[in-house]
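K.L.:
Quick check, what structure comes out for this input:
(4 chains)
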There are 4 protein chains.
Amino acid sequence: MLNEKISMSNKIPVAIIGATGAVGQRFIQLLTNHPTFEIVGLGASDRSEGKRYVDAAHWILDTEIPIKVRNTVLIGSNAEAMSKLPTPPRFMFSALPNDLARDIEPAFAQAGMVVFSNASYYRMGQDIPLVIPEVNWQHLNLIKAQREQRGWSGGIVCNTNCTVSGPAMSLRPLHEAFGIQRVFTVSMQAISGAGYPGVPSLDIYDNVVPFIKNEEEKVEQEAQKLLGKLGASSIEAATFPVSAHCNRVAVIDGHIVTMSVELATKATAEDAARVMRDFRCTMTAGLPMAPEQPIIVRDEPDRPQPRKDRLSGAGRAAGMPTVVGRVRPEPLFGDYGVKFITLAHNTIRGAAGGSILNAEVFVKMGL
Amino acid sequence: MLNEKISMSNKIPVAIIGATGAVGQRFIQLLTNHPTFEIVGLGASDRSEGKRYVDAAHWILDTEIPIKVRNTVLIGSNAEAMSKLPTPPRFMFSALPNDLARDIEPAFAQAGMVVFSNASYYRMGQDIPLVIPEVNWQHLNLIKAQREQRGWSGGIVCNTNCTVSGPAMSLRPLHEAFGIQRVFTVSMQAISGAGYPGVPSLDIYDNVVPFIKNEEEKVEQEAQKLLGKLGASSIEAATFPVSAHCNRVAVIDGHIVTMSVELATKATAEDAARVMRDFRCTMTAGLPMAPEQPIIVRDEPDRPQPRKDRLSGAGRAAGMPTVVGRVRPEPLFGDYGVKFITLAHNTIRGAAGGSILNAEVFVKMGL
Amino acid sequence: MLNEKISMSNKIPVAIIGATGAVGQRFIQLLTNHPTFEIVGLGASDRSEGKRYVDAAHWILDTEIPIKVRNTVLIGSNAEAMSKLPTPPRFMFSALPNDLARDIEPAFAQAGMVVFSNASYYRMGQDIPLVIPEVNWQHLNLIKAQREQRGWSGGIVCNTNCTVSGPAMSLRPLHEAFGIQRVFTVSMQAISGAGYPGVPSLDIYDNVVPFIKNEEEKVEQEAQKLLGKLGASSIEAATFPVSAHCNRVAVIDGHIVTMSVELATKATAEDAARVMRDFRCTMTAGLPMAPEQPIIVRDEPDRPQPRKDRLSGAGRAAGMPTVVGRVRPEPLFGDYGVKFITLAHNTIRGAAGGSILNAEVFVKMGL
Amino acid sequence: MLNEKISMSNKIPVAIIGATGAVGQRFIQLLTNHPTFEIVGLGASDRSEGKRYVDAAHWILDTEIPIKVRNTVLIGSNAEAMSKLPTPPRFMFSALPNDLARDIEPAFAQAGMVVFSNASYYRMGQDIPLVIPEVNWQHLNLIKAQREQRGWSGGIVCNTNCTVSGPAMSLRPLHEAFGIQRVFTVSMQAISGAGYPGVPSLDIYDNVVPFIKNEEEKVEQEAQKLLGKLGASSIEAATFPVSAHCNRVAVIDGHIVTMSVELATKATAEDAARVMRDFRCTMTAGLPMAPEQPIIVRDEPDRPQPRKDRLSGAGRAAGMPTVVGRVRPEPLFGDYGVKFITLAHNTIRGAAGGSILNAEVFVKMGL
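P.N.:
Okay, here's the model as predicted:
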């Protein structure tokens, strides 16, 4: 039934794997009525295969399950099942956990499909583009080397860890304008970042959990790769050190990160605020999921706040901008220091929405 | 009625001013059955004067109002009213807001009473001891210069800002053992830190507020004063810079602060953990409110946590230790860097309990 | 500036009084781009008069302040100030507290404006229509008697208490189909129902407050008036008794009410679900704020839930339907008993949205 | 090591099965330093057998794991393993889930041990005492018939569902004084009632879940059994109907239940409050876990509240009383109606603490 519609459209057929989980649900929500992509298949675990979506998924979003997804029958999250669909998908949006992504994602790439992955397993791979388009869309070109080396006709493009997206976005214009020497980050992360069922209420209620497994390493390494340079067949990571301290707090959506940045050249807080506010990306301009301003800089003394600002951005791009606030001097780095806060929506920009924008740019670049 | 009992005891008569608010309630809770002090008066605002405590206070603690406090009639928060009590108080525990503390506290000091204050108004005064006993009990000697200069027979001793107590405690042994060069702090602070009614639920629910007015300045300055040296008639503040970023999170009690410290000499995370764990204070040893260990260092990967660890410490000292965890290297400072978390109970150690311990040491020092 | 636009439109000019508070903000949000009404004035308290809206209001919604409202200068909440506007408003949406509504609302009515009020002060007045359109739009006709008796050219139309809106809506079709004998209700109410700053976080966090002042009386009386019959110059209230127990819980928006209803004639749970699901209102059909289905009946065992279902309804009517679930037999009333849950959005249907729909019907009825 | 101590004491040796879960943790906390019982064994699932307690349990309470329990090696939750302990336990406190309780609990009873069970599996069994001592300690005598019929030398005594404990306690004196005709209950239940990991934070944050599987049936049936009469070999359940509507709210501990009661004889709210306040139980008087007053009736308009009142009761009995408030007329039942709220701590009185008190009475009765 999903496929009937497709025959009439010129949209690119896509599928979602890991479609019943928290990120899978966001993919469904954000791909519904998407101007470029059309969902033609929903892949799930063996346990859910053959069930209707509404029966297999514990829907946690505050919008309804889209009508045409409700009754869609889930298929296996594998290339064979996907190939047999009336309209086989060309892109695969993957919300698989790491252990499954390891084997399943390459199989899709091998079979000619491009996987836009939210798993962390391949992110740090030499020939794997790890992309936030406004930060480093050029890295998508790495897909050519990847295909050549691995003999794939498809490919794997990775999304970043949800926590690093705000920091990396804010660092991009600062790095260009002033150069970056060192970065301190402390995150306050939303519970939805742990998926569903995820964080038990008894753990987080009236509490802060000052530890998230492997998260600090991811933030530190991915920031360097994102701000690195594209070489012939790999990324030369940025060399400035990044320190991360990751905490879970009682917020539903939206990761706050406090930033203390030592720049390579002198700059005032006003300078820093200006380059972040003026930052634009010509490559993403006009794409459906791209916000008009990648970075919104707020002037109020007490913003951004997760509940009030996580859905900043208009229309389809709501939840895609990074919201920055409290830009001020960082006394520890003298004339070179700047201090601020970033907020990014962890399941939109930091997960499903980020992947979709990656795919939109991928199409625009003709890859 | 409160005073009848006193005549039979050898306890020091004390009063609480600002007795109906959040900190005032903690004073009442912690001074009940105290071995050294006996409450002989409760001071309130004009609005509440003459009312019974139970009628004037909106009690927010999860223990009951002590029986003998329930029906106590509130008097004015002024020296005259206090002097007329059957047993006039010698110590005044002040939970006054800043604007009232400004005029009222000196009046008590003038009238011969020693004020143990939670207000910030006098904290940074040249001749005002700002004290966490385990960190700098020696500073209490400043009271002599204060009395001389101001012609007071009483005096003012200040408690620190609630947020700085954990950081200052953890820095004390590190400073002694290795010297401190720079300190980054990011706080996640409990709602009770804002008093009652304090933070509206609509502001903090499903949210983080990344700003608390004047708080960052206090943390930065008070840390330096606390770790400074006692001179003839003032404190020579420590010179290492401190950077603070203060946030409000949805936790009832207990302030978490992430710490990134650059030391003056090389040290491993194990070294740092050891000196914090081994830290003891001979001056406070055995005092009623003093914890056996000023710093509890935990080894679990995900502790301390506010709800689980804020009441660490045995008996009367529950809530008085600083709990430290996740001691690990800080990559940004190479061999000189150490990174960890502190947790301190903001209304016990960071407010009422801290003041009472100050008073206990004051008595022991014979001041 | 707000008024320039108006000259070009045929919309009805309206103003909001009490525009800076929680309900006032909802009025602004819901009236922005409204097809029938155009905001021409924003009234505030004396304290805020003359300030720009953005400076006077502590905006708590998770959408931005509409651009043209941001810089609007607030005027006094009185008829004189409103009359001097370039385009004087014909309707007044009132988010005033009770004590102010008492004197201000009649003054507007006297001056020829129709006040759509959220205050409770006039709700139980003999000649005051208290209206949820789908339940009792006919009662709006009472405005004629009101004008005659009071010599007003304008008038006052009241909105219900936010808690009663879900119960009253669900009882309407049951009363018609089966008759109602008795109703038990227990509410679990959101914090936004208390306005801003409203409920202190220290009161509601990790807690339930099983009491809301005057709320139970309102639910019991207003339900009877809403389901009563329009007489010549007053409403003959329904006579079935209603019992309410009102609680505050830690939810941002959306009041849940459990209902146990004794019917006058036998009916199964399926019968009850059917009449609620099939309930339609011809008078509201097609109006901008009117939901297609006044009552959405859900079949899942665990719905409705505030966070997931409070914004049910499409487009402008999101938050306007009453969501019903768990329709099942009530054992205590034998064959006459039915038990279910209602959910209504307290600041949309239960406040600002309800008033706007009242105004839309008022216009449609030519009053 | 646990057993060394025992040899020197005259305490009754007991074990806990299901010792690592949420209720198992409460058993450990409440049995530590218990004057009558000494823990000699901790039983866990196969997965945890052989591990140290501290390594196997995710401790969720805000007190520390007692020192001597920390390093205790877990054994299997079966009679054979328990019999091999140096001091075999005579009582078994069971925190097993239903599916395991089914087979394991009878095996212990067969092997001569008395199981005090928190599982629901056997609660409604003809010859199984379901007991809240102050309500129906006499029912413990049913153990004799149970032993005879089943050929057991040990036995099974059941604890009630956590939600019914407050209602049943409050109904006991009302039933005696006035007789009960009908009871409406609506619960607002804490997240700890679902164990650990239990309720996902994404389900309950900013939300109410108006459904808990099988809970309403349990409340309705268990209330009738608890207030029933002891016959020769079974309980003759009370016949008044009970209606329950069960909800989960964002509270850590403490179940609130609103009660609307129709009495068999006329009584005022004052009468009802008086008989609840005056209710005492001679059988439990003086037992370690027994509160001095089984029911605390509060007069404030807005109490009891979970966070403030759940730990009512002195010393070891903290969390054992039922706290009642807002006793007032129930209009729907005319002169026969009374309406109030009960609060009971669900993991103390409603689980571990209730079982321990059952065991204390069991010993006192010489069973």
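
K.L.:
The closest residue to A:P35 other than its chain neighbours and D:V251, how far apart?
P.N.:
Spatial nearest neighbour of A:P35, chain neighbours left out: A:P288 (5.4 Å); criterion: CB to CB, 6 or more residues apart in numbering or on different chains. In short, each C-beta sits where N, CA and C put it, glycine included. Going from A:P288 to D:V251 by CB to CB, to the nearest Å gives 42 Å.

K.L.:
These two: which is more packed in?
P.N.:
D:V251 (29 against 16; other CB atoms under 10 Å in any protein chain shown).

K.L.:
The more buried one sits in which helix or strand?
P.N.:
Using DSSP states H and E, D:V251 sits in no helix or strand.

K.L.:
can you pull the contacts of it?
P.N.:
C:D206, C:N207, C:V208, C:A250, D:M188, D:Q189, D:A190, D:I191, D:P306, D:R307 (CB atoms under 8 Å, 6 or more residues apart in numbering or on different chains).

K.L.:
out of those residues, which are inside strands?
P.N.:
Counting by DSSP state E, the contacts of D:V251 place D:M188, D:Q189 in strands.

K.L.:
Which one of the residues in the stretch 201-350 of chain A is closest to chain D?
P.N.:
Taking CB to the nearest CB, chain D has its nearest neighbour within the stretch 201-350 of chain A at A:S201, 4.3 Å off.

K.L.:
Quick check: that residue touching D:D203?
P.N.:
Yes: A:S201 is in contact with D:D203 according to CB atoms under 8 Å; the separation is 7.5 Å.

K.L.:
more neighbours, the two?
P.N.:
A:S201 (27 against 23).

K.L.:
how about the more buried one, what does it touch?
P.N.:
If you count contacts by CB under 8 Å, 6+ apart, then A:S201 has D:I191, D:G198, D:V199, D:P200, D:S201, D:D203, D:I204, D:Y205, D:A250 around it.

K.L.:
measure the residue of the stretch 201-350 of chain A closest to chain D to D:L343 for me?
P.N.:
From A:S201 across to D:L343, the span is 20 Å (CB to CB).

K.L.:
Repeat that for A:R277.
P.N.:
Applying CB to CB to A:R277 and D:L343 gives a distance of 52 Å.

K.L.:
Between the two, tell me which one has more neighbours.
P.N.:
Shown here are A:R277 and D:L343; by other CB under 10 Å, D:L343 has more neighbours (29 against 16).

K.L.:
So for the more buried one, what's the pLDDT?
P.N.:
On pLDDT, D:L343 comes in at 98.

K.L.:
List the beta-bridge partners for it.
P.N.:
Per DSSP bridges, the residues bridged to D:L343 are D:I256, D:V323.

K.L.:
residues from the stretch 201-350 of chain A in reach of chain D?
P.N.:
Within the stretch 201-350 of chain A, the positions near chain D by CB under 8 Å from any CB of the partner chain are A:S201, A:L202, A:D203, A:I204, A:Y205, A:D206, A:A250, A:I252.

K.L.:
residue ranges with poor pLDDT in chain A?
P.N.:
Within chain A, the segments meeting pLDDT under 70 span A:1-9.

K.L.:
In it, what residue spans correspond to helices?
P.N.:
Remark: helices assigned in chain A by DSSP state H are A:2-7, A:22-31, A:53-56, A:67-70, A:79-83, A:98-110, A:133-136, A:142-150, A:165-178, A:201-204, A:215-226, A:269-278, A:306-309, A:353-364.

K.L.:
what comes up buried for the longest one?
P.N.:
Think helix A:165-178. Of all the residues in helix A:165-178, those buried under the rule 16 or more other CB atoms under 10 Å in any protein chain shown are A:165-175, A:177-178.

K.L.:
Can you check the distance spanned by stretch A:235-244, start to finish?
P.N.:
Stretch A:235-244 stretches 22 Å from its first residue to its last (CA to CA, to the nearest Å).
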